[in-house]
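Undergrad: below are the sequence and a predicted model for it; my questions follow.
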Amino acid sequence: MSCDSEVAIRFSGHLKRRKDKGRTTMDARQRTVVTEDVVQYKLFLVQPDESASQSTEAHFSHLVQEVLAKVAPLLTQYIWQHQSFSLKYCPEKGGVPAHIGGSTQFGDNVEDEWFIVYLLLQITEAFPELAASVEDNDGEFLLIEAADYLPKWLNPETSENRVFLHKGELHILPCPSASSPVGVSKDVVPTVAQALALLSTHPEACRASPRVSRALMKRLEGYPEKIKMGLHHAHCFIPAGIAKVLAERPDLLAPAVSAFYLRDPLDLQACRSFKTFPPNTRVLTMVTFTRCLYAQLHQQQFTPDRRSNFTLPSRSHPHYKAHELGMKLAHGFEILCSKCKLPSSDPDASVSCNPQWKGFMDSLKRNGYFRGELEGSARHRELTKSAENFFKQSVVSKSSALSPGEEVLQVLHSCSSFSLQELKKQESQLPPEDSDSWLDITAQDLERMLQERGGGRGDVGSQNFSSTRKTQQHVRDAEETRKETEDKEEEEEVAYSLVAVSQGMKNFLNAMSSHEGAELPWSSSTQPFSFDPDSVASALDRLLGSKDEELDSDDLDDEDDDDQEDEEEEEEDKNNEGLSGRTEMNETETLDGLKRYMDQMDQELMSTNIGQSFNQLSYNKADLDSGPPHPAATSSSPSEGGVEETEEEIQPLDVDLNLITNLLESLNCQAGLAGPASNLLQSLGLHLPPNSDSS
């Protein structure tokens, strides 16, 4: 059996237990509790300079500016679901060396988490002296993505402090083996310092296998272009104040959508009057969403309060969707601003007066952030404004940061002189909005995505039937009608698919599994072929009677044991023979007792209707007379008239037919939804067509 499926099942089973119990200790070591929907990341120096311990904090602070300046072109155009990517200095604590790191709550948009993984790969590639570790409440989720290709010894219990991103690649600390002594035993949990030392001295040995790396790269495929592909541009009728806020700060859209999405009756009380964003100032503008935010806003069913003066046109109106989206967005912004007051500080003071701002700007210039734009130009001012917003979110300490509602009021206060007439004129110049057809997923699209996520496991029944049908086409009668040919093909397809299902179930039941979980049998096309010439040569020597050397193959250990047992039995005393005889008699009595018990069960069940629920094999009487006798159950108890009841033959069961019948009944009860039967067949790579019989 393949160890890859077992590793995947072990990871999934462990994560289920971890979610139920929370993050617990491993080997009596308390691990940090990670909140749900939060990703934590740490960047360590692979070779820390012990002589510069006094300047560690200053060095890491400067490194934060350099790292953020490197990824600033990607971050300034990104809209986060809840929290942005941020880095800060973390001193040494609890055996964890000093490092820079942070945490980000990604909420419902899991793409935020994988974008952070992409950022960490880019950072470690640009800064080879750094190694990154990343985890969420599921633990090492990078290993979960590549669980089908991990070595068998690697599981959640043995993966602590072993997984790092270094030099733009995934690295996993190996376990020592006969071929390579480099690594850490699976029974030992390395410290972070030990792991970094091994990563520094043996980077090639720690590099993940190509299959594991490809699985991770496939999940990150499409970045950085995927950032723009994940955006959705839609027309919205929104109050003019919101239009100006979004023009200055597009990232403030996310907290407004979340405020509307998670609203409660108390929040809606502030939306009765709309003091901050009056509805009579609505204008048509283009709003940039992420696909997750757009879906959250679009799919919400909401009717505004009559006292809010928000009116919607009829559903047949060409701009109905724009009015509805704008109404929902206005409620979100109004809820945000109703929970805070306008800050009294100067909006520019927190940036220009910050001692880190000048160094951060210098880092941006060295990394080519301004793309050669002249200082003072419109594009240069736009890039500077984006850098200021990014600096507030990612560089400035969270303790001094404002709440989203305060930031909205601050931006609104700074641009209070906007002209409503100018915004009205821009309505005719808006570019066309994006199609939201991606919200609708057909059954075929869902099936394709599930097959892609399933690792490309082929449909065994369909593939085998395809080849069988091609062979049968050569022997069809040319004079058959087209309808008869189609009916025959359908019958053959159903028949073969059922045979494939039956055979697949047999393979699954015959497979060896452990207490870790069931292993799914792999087909010959996916099962890698391995050949050990030494074992084959040793086996041949054993079969040919060669005694030059002992056989090391585990497959023939039983034969050696049998020979040794025979020699010992010849030397035993006659008293032991008597003991052996008594043991054999006890075994015979046990088998006889079991047979009598089963015969009694057959007699009791014959008087019930249980046998009618099973399909039995049909055979002729002539076959019975010529073939081996079938087991029969007789009733030896005489009746009142002294006449014994006639013998009733127990018909053998059609195991395959019973299996298929029960599976089809289970699938029919699922009514096209997920259930035990469909999940089992899908995991085995088997596919049955949908039930076309409405009855």
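TA: Yes, it's here. Values in this document were obtained by computation on a predicted structure and should not be read as measured data.
Undergrad: going forward, measure contacts between C-alpha atoms and count neighbours the same way
TA: OK.
Undergrad: could you pull out the strands in the stretch 1-150 of the chain for me?
TA: Counting by DSSP state E, counting those that start in this stretch, one finds strands in the stretch 1-150 of the chain at the ranges 38-45, 88-90, 99-105, 130-135.
Undergrad: using CSV, write out every CA atom in the longest one.
TA: In this case it means strand 38-45. Provided in CSV are the C-alpha atoms of strand 38-45 (Å, rounded to 0.1, in the frame of the first residue of the first chain):
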residue,chain,number,x,y,z
VAL,A,38,-5.2,33.6,12.1
VAL,A,39,-1.8,32.9,10.4
GLN,A,40,1.4,33.4,12.4
TYR,A,41,4.8,33.9,10.7
LYS,A,42,8.3,34.3,12.0
LEU,A,43,11.5,35.3,10.2
PHE,A,44,14.7,34.0,11.8
LEU,A,45,18.4,34.7,11.1
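Undergrad: paired strands for it, with orientation please.
TA: strand 99-105 (antiparallel), strand 130-135 (antiparallel) (DSSP bridges).
Undergrad: which of the ones you listed sits most buried?
TA: strand 130-135 (a mean of 24; mean count of other C-alpha atoms under 10 Å).
Undergrad: any idea of the mean pLDDT in that strand?
TA: Across strand 130-135, pLDDT averages out at 96.
Undergrad: residues in contact with it?
TA: For strand 130-135, contacts defined as C-alpha atoms under 8 Å, 6 or more residues apart in numbering pick out 39-46, 117, 120, 124, 140-142, 163-167, 196.
Undergrad: can I get the strands of the stretch 1-150 of the chain in TSV including distance to residue 341?
TA: Putting the strands of the stretch 1-150 of the chain into TSV (distance: least, C-alpha to C-alpha, whole Å) gives the following:
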stretch	distance to residue 341
strand 38-45	29
strand 88-90	29
strand 99-105	25
strand 130-135	37
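Undergrad: of the ones you listed, which is nearest residue 185?
TA: strand 130-135 (20.0 Å; C-alpha to C-alpha).
Undergrad: could you dump the closest one to CSV, C-alpha only?
TA: The C-alpha coordinates for strand 130-135 follow below in CSV (Å, rounded to 0.1, in the frame of the first residue of the first chain):
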residue,chain,number,x,y,z
LEU,A,130,16.4,34.6,6.7
ALA,A,131,14.3,31.5,7.2
ALA,A,132,10.6,31.7,7.8
SER,A,133,8.2,29.5,9.7
VAL,A,134,4.4,29.8,9.2
GLU,A,135,1.4,28.1,10.9
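Undergrad: look up how far residue 72 lies from residue 65.
TA: From residue 65 across to residue 72, the span is 10 Å (C-alpha to C-alpha, to the nearest Å).
Undergrad: typo on my end, residue 127
TA: Following C-alpha to C-alpha, the distance that separates residue 127 from residue 72 is 15 Å.
Undergrad: just the pLDDT for the closest residue to residue 127 other than its chain neighbours.
TA: Once flanking residues are discounted, residue 127 sits nearest to residue 167: 7.4 Å by C-alpha to C-alpha, 6 or more residues apart in numbering. For residue 167, the pLDDT comes out at 95.
Undergrad: try residue 629
TA: On the pLDDT scale, residue 629 gets 49.
Undergrad: repeat for residue 463
TA: 40.
Undergrad: next: the one 5 residues further on.
TA: pLDDT recorded at residue 468 is 36.
Undergrad: for the chain, which segments count as strands?
TA: Using DSSP state E, the strands of the chain run over 38-45, 88-90, 99-105, 130-135, 163-166, 169-172, 231-239, 282-290, 632-633, 648-649.
Undergrad: so which of those gets nearest residue 247?
TA: strand 282-290 (8.9 Å).
Undergrad: out of residue 65 and residue 72, which sits in the busier spot?
TA: residue 65 (22 against 19; other C-alpha atoms under 10 Å).
Undergrad: got a pLDDT number for the closest residue to the more buried one other than its chain neighbours?
TA: Distances taken as C-alpha to C-alpha, 6+ apart put residue 360 closest to residue 65, at 5.5 Å, once the chain neighbours are dropped. The per-residue pLDDT reported for residue 360 equals 71.
Undergrad: repeat for the one 5 residues further on
TA: As predicted, residue 365 sits at a pLDDT of 76.
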